[in-house]
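Asks: the sequence isn't on hand, but the structure is:
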């Protein structure tokens, strides 16, 4: 699955419901982000 996210005001990134549901992400969960070169994983 590939989804384009927009960075909003103050650097906020919204995870669409489709993505949250697919990954089982709920309010209050922590999400780990890894930066490799100029990419975010």
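Replies: Looks like it arrived, so ask away. These numbers come from a predicted model, not from an experiment.

Asks: centroid residue for the chain?
Replies: The centroid of the chain falls nearest to residue 15 when counting by C-alpha atoms, centre = their mean (4.8 Å).

Asks: isn't it up against residue 4?
Replies: No: counting by C-beta atoms under 8 Å, residue 15 does not reach residue 4; the two are 11.9 Å apart. Glycine gets a C-beta too; all of them are placed from N, C-alpha and C.

Asks: wait, a strand at the residue nearest to the centre of the chain?
Replies: No: Residue 15: not assigned to a strand; according to DSSP: H, G, I helix; E, B strand; the rest coil it is coil.

Asks: which secondary element of this structure has the worst mean pLDDT?
Replies: Lowest on mean pLDDT, DSSP states H and E among the helices and strands of the chain sits strand 39-40, with a mean of 88.

Asks: neighbouring contacts of it?
Replies: By C-beta atoms under 8 Å, 6 or more residues apart in numbering, the residues outside strand 39-40 that reach it are 33, 34.

Asks: partner strands of it, with direction?
Replies: Using DSSP bridges, the strands paired with strand 39-40 in its sheet are strand 35-36 (antiparallel).

Asks: show me how far the partner strand is from its chain's centre.
Replies: Taking C-alpha atoms, centre = their mean, to the nearest Å, the mean C-alpha location of strand 35-36 is offset from the chain mean by 14 Å.

Asks: what's in contact with that strand?
Replies: residue 41.

Asks: tell me where the chain has helices.
Replies: Using DSSP state H, the helices of the chain run over 17-23.

Asks: cheers, nothing more for now.
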